[in-house]
Each structure stands twice: as C-alpha cells, then as structure tokens.
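Q: Starting from these lines, generate the structure:
(4 chains)
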There are 4 protein chains.
Amino acid sequence: MDMNEKLSFACDYAKGAHPDILRRMMETNMIKTAGYGLDEISESARNRIRKACECERAAVEFLVGGTQTNAVMVDALLKSYQGVIAAETGHISVHEAGAIEANGHKVLTIPHQYGKISAGAVEKYLEDYYHDANHEHMVMPVMVYLSHPTEYGTLYTKAELQAFRNVCDKYGIYLYVDGARLAYALSCPENDVTLTCLAELCDAFCIGGTKCGALFGEAVVVPEPEKIPHLFTIIKQHGALLAKGRLLGIQFDELFRGDLYMKIGKPAIESAARIRKALLEKGYRLYFESPTNQIFVVIENDALKRLGEKVEYGFWEKYDDYHTVIRFAADWGTTEQETAALIEIL
Amino acid sequence: MDMNEKLSFACDYAKGAHPDILRRMMETNMIKTAGYGLDEISESARNRIRKACECERAAVEFLVGGTQTNAVMVDALLKSYQGVIAAETGHISVHEAGAIEANGHKVLTIPHQYGKISAGAVEKYLEDYYHDANHEHMVMPVMVYLSHPTEYGTLYTKAELQAFRNVCDKYGIYLYVDGARLAYALSCPENDVTLTCLAELCDAFCIGGTKCGALFGEAVVVPEPEKIPHLFTIIKQHGALLAKGRLLGIQFDELFRGDLYMKIGKPAIESAARIRKALLEKGYRLYFESPTNQIFVVIENDALKRLGEKVEYGFWEKYDDYHTVIRFAADWGTTEQETAALIEIL
Amino acid sequence: MDMNEKLSFACDYAKGAHPDILRRMMETNMIKTAGYGLDEISESARNRIRKACECERAAVEFLVGGTQTNAVMVDALLKSYQGVIAAETGHISVHEAGAIEANGHKVLTIPHQYGKISAGAVEKYLEDYYHDANHEHMVMPVMVYLSHPTEYGTLYTKAELQAFRNVCDKYGIYLYVDGARLAYALSCPENDVTLTCLAELCDAFCIGGTKCGALFGEAVVVPEPEKIPHLFTIIKQHGALLAKGRLLGIQFDELFRGDLYMKIGKPAIESAARIRKALLEKGYRLYFESPTNQIFVVIENDALKRLGEKVEYGFWEKYDDYHTVIRFAADWGTTEQETAALIEIL
Amino acid sequence: MDMNEKLSFACDYAKGAHPDILRRMMETNMIKTAGYGLDEISESARNRIRKACECERAAVEFLVGGTQTNAVMVDALLKSYQGVIAAETGHISVHEAGAIEANGHKVLTIPHQYGKISAGAVEKYLEDYYHDANHEHMVMPVMVYLSHPTEYGTLYTKAELQAFRNVCDKYGIYLYVDGARLAYALSCPENDVTLTCLAELCDAFCIGGTKCGALFGEAVVVPEPEKIPHLFTIIKQHGALLAKGRLLGIQFDELFRGDLYMKIGKPAIESAARIRKALLEKGYRLYFESPTNQIFVVIENDALKRLGEKVEYGFWEKYDDYHTVIRFAADWGTTEQETAALIEIL
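A: Residues are numbered from 1 along each chain as shown, chains lettered A, B, ... in the order given. All right, here's what the predicted structure looks like:
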C-alpha cells in the first residue's frame, strides 16, 4: 500500500523486491564474500542465466541500474567516433540525461510507431549513410538499440528481431536489446521472444531486475564474450561496479531459481488486461494497444482531475487542449484487490 | 563467517549490512513510494544528515558507490578544462580505472606520506602553476581531493583540514573530502574531524555507507547547494541515479537514527588496536602507524604463505624480495571472537 | 582554374586565399613573433574586428576550422550535462562527425525549413521541456545554434535574430551564430544582419574565413568576455591553438583592413544571381529560393550526367527516382568568365 | 629579425615557413582542388613521405598542430578505458592542457632523465600493473609515448627504440613517437634514428612541420593502416580536418621534395653547437647535454636580467633562489649572423 494511502498505478518501480530476494539477503547478510561480483553467489546467478539463455559461454555481468547499463554497454561496444541507432522515443534518446553523449557517442534517431522501429527503416538509414558522399564526415552508425518491451509497452516479434539481425549482419553492426521490463514480455501471451532467442540474435542484451521484482539490478548478457574484452574494467571506469557485488548475485540467483523470472510478470499482465477491458467497457479511449503491463489512456482533463484525487497515475503527454494521455502501470506485485479498487474508481 | 570457512580480514566490505538496515528494508518492502530519492524516507535521511552536520541548508544526495560518487562530484564541480589535485595514492588517482579522466578531467598528483598530503605541498603546486609562464597551456587545478581516513588508514587533523581550506580560499578552489571510511574516523579516539567540521570546511564531502554498515551507498553533502546547480541531472547523466532511491534513504535514515553512524565503527577500531598490540608483542613489524580499522604489516614471505592458509588478508605491496606488506581490515561487524582467532593464528 | 581543367562550382573552399593575404604572409614570413596569437598582428586583427562589430570589449579569438570552432565554443559555454538546440540540418547536427557529442553534449534537433528554424519553435521546445515532469532526466537545453547564412544559403532577418534573443533571454540561455559563410550574407542585398547586430544579439558568434577569402581560419567573437573565462586554455585543450597564431592574425588583419570583408562576397552574390536567372530562363527548376552564394537545382538525372562531364557540382540529395538536387557554389574569387562559361554549359 | 628589433632565441616556431613552401603556395593559390586532403598535391606529399619512410603501404594523414596530432592519435589507438605511458615531462603529460584526458584517456607517467624514459622502466611499469591483483580496477596501459627529440632536446638511439619495441611486443601494446622536432634529430650527427627506422618500429609516429620549416602541420604515419580504420572520420570528429587540406599537402610536398626535410634542421644544429661551445668558453654552466637545436643554461639571476635586455630566451625553470635555467632555441632559419650576435652578447 502507498505510504500516503492512495492507490498507485504510477510506475512499476515503486515497491521493494520479491520476498524470496529479501529472505536470501537476510540469510546471507553476515557471510563474508569476495567483492565486485567475484563471489560464489554471483557465479551461481551467472550460471542460471546462462542456462536460461541456453548459452553456456555467455559473459554475464550485473549492474545496478538501467541508464547505467545502457551507457556502459553502448560505450563498451562502440569506438569513440561511432553512434547508435535508436527510436526517437528510445530511453537512451530522451530519458537518460545524455548519458550516451557523455561518453562521446551520438544517438542517431529514427521515427517510431508506438515505441517501435522497423528493420526496414534501419536498413534505409544505413543505405543512405553509405550512399552519402560525405558520410565520412558523419557519425558512423554501428549499433541498433531496441527496447523489449518498448517504452510504450509494445513488443517486437521474433521475426522482427530476426530482420534486425539480418540488417545488422549485412552492415556488420551490433544489435543490443534493452530488456529493462523483459519479465513483462516473458509473461505476456503475445510475446514469442524468449531468452534463448535474444541470446541467438543479439550481440548483447540486458535482463531487467529493477522493474521486475528486484530491489535494483540489471543483468547484462554477451553471448560471445570476446566481443567485449575487459568489460570488468569498463564497468569500473563507469563507476558501475558494485563493491558488494553479491547483492546483485543474490537477486538474480533468486529470480532465476526455477522459472521465477519467466512468470514473475504474470500478475501485472493479468491486472493490465483486466484494467484495459474495464476501461473499454466504461467508454474510455485507449491511446494505442499495448499488450504488456502498461496501459495508455486518453482522458478528458476534468475527469483526470477527479481521478487524480483517488489514484496515482503517470502523466504521459498532452493530447490536445482538452485531453491528456496518462499511463497506468501494473507490476509483479499488483494484487487483485488493487486492480479491483482501480476499476471501481474508473 | 566466511562462506569457505576461513577467517577473513581481507577487506571491510565483505559482509552485508547492519541488522537495523535489513529490518527496515523488510518493513518497508511492499510500500509504494516515489522513485529517484524523492520519497519521504530519503527526505528524512537527508534531514538527519543535515542535523548531524549542523548544516540545515546543505544539499544531500545519495549515490550507490564510491568511485561513482567521486566521479560525479569531481565532474559536478569542475569545468571541462579543469583538474583535481590528489595524493598519488588517492583512490581517484589509481583505483578508479580512470573514472575521473573518463569525464575529461586530469588528476594532478602530488607525493604522499602514508596516504596524506599537506596543505603546504598543495600551496606549492598552485604557486608553481601560476608562476609558470605557460600555465595557460596546462590543466587548471581547481580542487583538492582528500580522503579521510586515507587509503592508508591515516587521519587528517582538524587543523590540517583548516590549512587546506585556507589554501583553497587563497586560490579560489574547492576542497572535497572522500569519506568512504568516515565512520572509522568518527569512532577513532585520535580523530578530531567531526561532521560539523567537514560541513564547515569542505565544498563537498561524502559519508561512506558501503564500508560502514550499509549494503551500499554514499551520502554526498554540499553545504552550500548553490555551488552545484542541477546535481540531480548530473547524477542521472552519470547513470548514478537509483530508481528505487528509497533504498539509499532507508540505509542512511537508519545509520543516522540516533548516533549509530558515530559509533558504528567502534568494534573495528577496538579490534584493530588489539591486533596491532598483538602483532608488536609477537615481534611483527608494522609498516607504519595508522590509527583506524586497517593494519599494515611487513611480513616475511614464507611466514605469509603459512598465514594465508588460515586467514584471508589483503595484499598491499611488495616490500623487498623477501618481505611483503599485507593489510588486515576490521569492520563494523568484527567480533571479539574473530579478533581473538586472528591473534591466535598470528 | 581547376587543376583538371574542368569548370568547378562544387564548393566555396576549393581555392587558396585573397591575394592581399598571401602578399602579407610573404612580407612577414621571416619576422619572429610571439606564438599562440599573442603577437602584435593578431592583436591588430582583434582590434579591427572589435571596431567592425562596434564592440570594444569583445574577446576575439582565432581558430583554424569550422567544426573545431563550433566544438570549442559549444563546449566553452555548456556545462557537462547541457545540450544545444539546432536545426536537424545544422552543421553541428550532421556534418561534424559527432564533434559536439565527443565533448559530451547532445545536439537537440528541431525541424527546419530550408535550413532555418524559428524562435517560436525554440520557445515551444523550451516550454515543453520545462513542463515535462521528467525534464530533470533529460538533457538541459541552454544554447540555440544558428548558422547565418544557413547550410541552405538562406538568411535570417535582424527581426528573426531579435526574436531568438528574446526567447533566449526569457529562458536564460545562450545564442550562438555560426558565420562560416558570413561574408556572403554581408554582401547580399537581402541581408540586414550586420556585425554590429550580431555583437548585440549573440553571446558568441564566429566570422568565417575559410570559405570567405582566407586560406583557413574562423574568428570567434564573445561580446561579453566574462561569459567564457579561460577561453585560451579551452582552445588549447581542444588541440585548436595554432602555434604560429599570427598566421590567423595576418589573414583577419587583411580581411578587416578597410571594408574588405564586407564586400569580399560580392562577386559570388552577383555570380549566383546571374546563374539563377539563367537557370530559370532555361527552364530549370530551383529547389528553393536562397539569396546567397549557393544555388540549389532540381535536375533530371540524364541531364545531370551530361552536365557532370563539363562542370563539377555538389551533390545535395536525391529528389526522386528521376531527379537529383545539386548545388552550385560561387565564391569570392569567381570570375565573370567562369559564370558565363557555366551559363553557356547549362 | 624580430618585430621589436630584439634578437630572439626564445623558441623554434617564431618565424614563417621555408621560402619554397611560400612560393608553392603562391603558385597554386587560384587552383581549385578537392577539399579535406583528397587533392592531388596531398597525394603527392603522401607518396613522398611513404618513399622517405620506405613504407609504401603506410597511411599518411596531415594535421595542423602538435597537441591536436597527439590527441587524435592517442584517441585513435586507445579504447575508452585505456591509457598511455609517458615521461612525466612528456608534452602530453604537461603542456597540452589535458587534451588526452579530454578524450577520456589517462596519461600514466614515469620518471624521466632529461626528457627520456627507458624501456626497462616501461617494462617494470607493465610488470607491476599485471602483477597487481587489483589491476582490473586500474587504467590499462596500452601505448608508450615517446618524443624524439624529447622536450629536452635529447635523443633516443635506434637500439633504445628497438628495446621499446620489444617491450611493446611482449605486452601487445603500441609504440607512438611524437616527432614534433624530428627534423632537428635527422640533421643531428648523434642521431641514428631514421624515418625508415621509425616506420619499422612504431605503430604510429608524426613528422613535425610547424617547428621544422612549415607554417604549420604535422604528418602522421601509420605503417600498418589497418590498425586505425576510419582515421579520416576520427580526425574530423576531433575538429582536426583542414577544409583546404592541400595547404598541408603543399607544405609536406615541398619538405619532402628531394631531401629538404633531412637537412632543413642543419643550420639550427650548427648554430646550437656554436652557441654551446661559446657558453662553455665563457664559463657558463650547461644544465645538461642535449645535442639538438635547444640549449639549456643555468644562469645567475642578475646576469639573466641584463641578458634579457638584449635577447629573448625561453624560461625553463627555477634552479635555486639565485639561478635560473633558460633555454635558447635555434631553428631552420637561424643565420650565422644571428648566432654571432648572440655569442657577442653572452
């Protein structure tokens, strides 16, 4: 429950962690281990992730947050004069305060459709770049950044990811997938992109913990580790190496014990589906269809004001002078009671 | 106890957190709060720190780790062409993988004595710089970086800090103190540098959590907040903004409940004193005197080999072909039994 | 004449320098002067520029090239977490290989109309930024970058510049004008933006030499020098400080002797006007109206092939599958014979 | 002659260029060529340098200045987390205003002897680095930076360079030689390091123009071009690509016409030898022996004051409270009369 007693669907990182994680943290609290992720728990977590990805030789590293993870991985894969292609709505394009540029790399944006870009648009971008007589005066594009689910909660299909891979292979560039909300894709019936699929198609990707049941933490997977030598030092240089690295190990070791991570997003997907159905029944207009844990509604401003007295929501964008787009986000811990309470209010 | 059952005095960040912290984390786990440190618990922690520093108007921000904190704060205070003066043994000089340089700033090193530099040496550096006809071709020094305790466990006195402040004022430059192990200074009888004193003399300083009872976290204090506008965005750009910022708030709210932080280092100081005494009694040679939780011993290589079978220690440096300097580190949770066990082994 | 004997209107930096410049360079060749622009000739050039701008107290510095100048000045005015607003076609946005990002700053692009942006669009951008609840997670916009003439040869009016100034004042941000082709504006009848006007309205601007009669060189003007302390060191850090700085001094001292710079673009403007007139008479289609030394023509691909055998032109962009947009550029040294020869060919 | 009529031996970049260069610049002034070094004159210059280095496949690029060249080449060869080993007196260590750090790389300094370092000291540094259990927390050294002649005018021998090469091969790191004053080595009887030798032993090196007869310009040679893909774009990103690149081509085409560059330093070497001899005869004390165009003298402060009224010299450093170390620099254009005049004054 919200501290200030108001129902909250504002975001999916407002709570703490899955109980199993806290329990393990308690159990291991006074054990002494090696620092910097060199401990046995972290190694166990790495192995569980490798197994879940069906990629025994992958490098797996744990970082604390999403912006940090993107900044480190883009910097790790790009040379100083290279840039990364992303949707103009991509997290790295807008909401990371210039963390990519802080490391000297340009984010090369292309238009999106509800958070998604297409392999065709990327191919066109690359064609235009190499056909431009002045391309050596321009930032060299060597990576495609995707988020799955996207910032709009939409999903890529496996076929779409394969198409990106093909374009990347054609031009010899990297494919990176930001899975900050990956658990919500994995629990979503519409999704056909598995961890195995990501390990097959990506040069690197991350598995989100912060929004998916952990206190904090993202697991980076590099299926072919030789692509990023000295990743440990790169992480350290970015100030992203956690001294008590086992705290990340513990969290991912629990998330990947059994199939917890594969199903942890299910309550959120079910809640979101119920909310969407209720909204449509009550005559609300959805801004667009998105199948995961986020719901985007176009709402009349006066109605919004009344709603705001009873529930916390996320402001998305101004729709017109009379309407606003808002976001509800369910999470791994959303209860049926909370969902019912929200529907009651709507 | 060590997972692999061996006594460990290798470092002071091998365990988890003080029980009060874990308890509070459990209690608050399912509460929903605002993200990014904008929650009420973080605000409470800020206020407790302000009070402990006797500086109501200070900006207080929480970051995850030490290298990150130093990188953010140096970058926040320096302009692109400016550098920071530090001991050649300073953490930023050696063991942060170039995190300062990654942001474009040069670390300008001066010789140390057991981790300490003197205000006189800094003044000399600045004099030489400004007297050099070519100084506009050189990196402009605008900050002094100190650690307290230093990387060698040594301490500055209040009078020494005041002397640094005077030099900084004379040249219009910043004084920054890295307090990654500050709790061990505050619990040390030899120490006369209080939090109030730091708030009076520094432009910014950090209060270490990671090595001082927290799972992770450093609290940055800026006594005159107008010196660093937009610190929030700077933190975000560095990938250093924790989504569930309250996790940092919880830890520092507990550490600064009552006088916990002031006394949390005491067991370590007492353990270290006992170990030092025992070492001298048994004929060992201390590398140098350091009054806090770290002990540096010159040990014959064969003896070291035998020791290593029973206890984990930190390698410090090669002394000569026959001797090595090692470090023992006690921490806030070191028990009398552990201390006795180590002394028994020595 | 072109080395390979073909008529060339490909760009405006294909020749050497105005004869007065080379003469002065010969005369002064064996004189010894202080380096780094600290010589008397550079000081004379600075004073002439100050006088031409009616701004006695301006700082004037000389740099070698355009990309370098933009990178240095943006970095000099921005803090590490800040960005610059520019047209998506701005030179800094596209054709500087990420030089702005290399220094950690994001170029925040807005749509253009033939190279121009509007003060209204900038105001909208700033309003949206400050109204966005997440704006502290985004790059802070603190500068507007304009080019005059633009990359499309179009011009801003004094009234338009004043409108930008008003928006900048409203939000407390900088206005920077890139005058790489400024001489062609100053010689253009449509232009009402004088040097005095730039000095009044801009926080900094540059006066192009490379494309305007010099061998190389851009003069940076900062009307209120206290806005950029230590500009000399910033230039040096960027590798942009010319050892024999007098070479830049000589060139700008000649360009600003009498009113040479004010009229040096005239031959180009007259040539371009004649070419435009001839194109229209011969039934060609201009891509858009631009009043300065560049002419943009939509040309059928087969006709272009024939044209390319007799004259060098600049490729601008693909128009459709059957047409191409090309650019002719006249320069300060274009002769009436060259113009006649081109018209003959068309 | 000095503009202010005083004899000047203050530095070796106070004059313009060798007459052949200015003549060629005049001859080619109104020719139109391709920009950015893609012209035929630049290609001719590249070929002459390749021939002089006996390395047909070398990449040769022309940059404007020394600091710029070092910054570009270090950044081109290093990854973001890597550093460069240099003498603590190296130009990149002290007098480039942090240009290396501005690109994110740390300069790892080792002690010098009159500007030189030894292969043994570098090997020790690398051994210590790799033996340090914490080396992954430190900046990874992957390049050795040497200057030849050094900032002190001293020379490496071919055997010494070979020893550096061996250490670099052993550790898989780069050897880069900064030849800003290379002509003065090549004209020096003590020197046995030829261009061929540099091409054989270095991963990259630069041939100085600015101090060696050119108006400005440094030629970068990369014997195995595949070591630096996209060097053109890297140069552009650094703001170091000269629009009228042929100006650099012209200068190096003249310097490498016949054996001009091999002998252009001879007048300076002869002048310096005469001055050294005269100094010793008159009882002055040389600070140390250096065989090239720079002379370092320890001089009593009152005598220096008198000397300063008649001749411009370079301040080197304070020797003690009563003496100063000054530098005289002869250059390619120093005449016998100037040398005689200086000796007369001494």
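Q: and the worst-scoring helix or strand of chain A on mean pLDDT, is it in reach of chain B?
A: The helix or strand of chain A with the poorest confidence is strand A:314-318; it has a mean of 91 (mean pLDDT, DSSP states H and E). No: with Cβ under 8 Å from any Cβ of the partner chain as the measure, strand A:314-318 is seen stopping short of chain B, the closest distance being 10.9 Å. Any C-beta I mention is one placed from the backbone N, CA and C, and that applies to glycine too.
Q: who's in contact with that strand?
A: The contact list for strand A:314-318, computed with Cβ atoms under 8 Å, 6 or more residues apart in numbering or on different chains, reads A:9-11, A:287, A:296, A:324-329, C:133.
Q: If you rank these by neighbours, which is first?
A: Compared across these, residue A:9 has the highest neighbour count, 28 neighbours, by other Cβ atoms under 10 Å in any protein chain shown.
Q: what's near enough to touch it?
A: Residues near residue A:9 by Cβ under 8 Å, 6+ apart: A:275, A:311-314, A:328-330, A:334, A:338, A:342.
Q: for chain D, what are the nearby residues on the stretch 201-346 of chain A?
A: By Cβ under 8 Å from any Cβ, the residues of the stretch 201-346 of chain A that approach chain D are A:230, A:232-234, A:236-237, A:241.
Q: of all those, which comes closest to residue A:176?
A: The nearest member of those to residue A:176, counting by Cβ to Cβ, is residue A:234 at 14.5 Å.
Q: Next one: the helix or strand harbouring that closest one, is it in contact with chain C?
A: Here residue A:234, judged by DSSP states H and E, is contained in helix A:231-237. No: using Cβ under 8 Å from any Cβ, we find that helix A:231-237 stays clear of chain C, coming within 15.0 Å at best.
Q: so how far is the next helix or strand after that helix off the chain centroid?
A: Next along the chain after helix A:231-237, taking DSSP H and E as the criterion, comes helix A:246-255. Computed by Cα atoms, centre = their mean, to the nearest Å, the separation of helix A:246-255 from the middle of its chain amounts to 18 Å.
Q: Any buried residues in the helix or strand just after helix A:246-255, and which?
A: Where DSSP H and E defines the elements, the next helix or strand beyond helix A:246-255 is helix A:260-263. Using 16 or more other Cβ atoms under 10 Å in any protein chain shown as the burial criterion, the residues of helix A:260-263 that qualify are A:260-262.
Q: Could you count how many residues lie near residue A:178?
A: Using other Cβ under 10 Å, residue A:178 has 27 other residues around it.
Q: check contacts around residue A:92.
A: Residues in contact with residue A:92, defined by Cβ under 8 Å, 6+ apart, are A:70, A:74, A:84, A:86, A:99-100, A:107, A:145, A:178.
Q: So which of the residues you listed is the closest to residue C:33?
A: For the contacts of residue A:92, the minimum distance to residue C:33 (Cβ to Cβ) is 43.9 Å, reached by residue A:100.
Q: hmm, the one helix or strand the closest one maps to in reach of chain D?
A: Element membership for residue A:100, per DSSP H and E: helix A:99-102. No: using Cβ under 8 Å from any Cβ, helix A:99-102 never reaches chain D; the gap is at least 10.3 Å.
Q: Is chain C within reach of that helix?
A: Yes: contact of helix A:99-102 with chain C (Cβ under 8 Å from any Cβ) involves A:101-102.
Q: now stretch A:299-309
A: No: judged by Cβ under 8 Å from any Cβ, stretch A:299-309 makes no contact with chain C; its nearest approach is 13.0 Å.
Q: Alpha carbons only: can I get that stretch in CSV?
A: The C-alpha trace of stretch A:299-309 is given here as CSV (Å, rounded to 0.1, in the frame of the first residue of the first chain):
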residue,chain,number,x,y,z
ILE,A,299,-8.7,11.1,-20.7
GLU,A,300,-10.7,14.4,-20.5
ASN,A,301,-8.9,16.9,-18.3
ASP,A,302,-11.7,17.4,-15.8
ALA,A,303,-12.2,13.7,-15.4
LEU,A,304,-8.5,13.4,-14.9
LYS,A,305,-8.6,15.9,-12.1
ARG,A,306,-11.2,13.8,-10.3
LEU,A,307,-9.3,10.6,-10.9
GLY,A,308,-6.1,12.2,-9.5
GLU,A,309,-7.7,12.6,-6.1
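Q: can you give me phi and psi for the spatially closest residue to residue A:296 that is not a sequence neighbour?
A: Closest residue to residue A:296 apart from its sequence neighbours, by Cβ to Cβ, 6 or more residues apart in numbering or on different chains: residue A:287 at 3.9 Å. Here is the backbone geometry of residue A:287 (degrees, to the nearest 10): phi -70, psi -40.
Q: is it true that residue A:287 touches residue A:294?
A: No: using Cβ atoms under 8 Å, residue A:287 is not in contact with residue A:294; the gap is 10.5 Å.
Q: who's in contact with residue A:102?
A: Counting by Cβ under 8 Å, 6+ apart, residue A:102 makes contact with A:71, B:103, B:237-238, C:80-81, C:104.
Q: please redo it, this time with the cut-off set to 10 Å
A: A:71, A:75, A:96, A:238, B:75, B:102-104, B:234, B:237-239, C:80-81, C:101, C:103-106, C:139 (Cβ atoms under 10 Å, 6 or more residues apart in numbering or on different chains).
Q: quick one: terminal-to-terminal distance for stretch A:96-105?
A: Terminal residues of stretch A:96-105 lie 13 Å apart, using Cα to Cα, to the nearest Å.
Q: Now do that stretch: distance to the chain's middle.
A: Taking Cα atoms, centre = their mean, the mean C-alpha location of stretch A:96-105 is offset from the chain mean by 18 Å.
Q: mean confidence score for it?
A: Summarised as a single mean, pLDDT over stretch A:96-105 is 97.
Q: That one: which residues count as buried?
A: Buried residues in stretch A:96-105 (16+ other Cβ under 10 Å): A:96-105.
Q: same check, this time on stretch A:332-341
A: Neighbour-count burial for stretch A:332-341 flags A:332-334, A:338-339 (criterion: 16+ other Cβ under 10 Å).
Q: could you pull out the helices for the stretch 201-346 of chain A?
A: Counting by DSSP state H, counting those that start in this stretch, the stretch 201-346 of chain A has helices at residues A:231-237, A:246-255, A:260-263, A:266-281, A:301-308, A:336-345.
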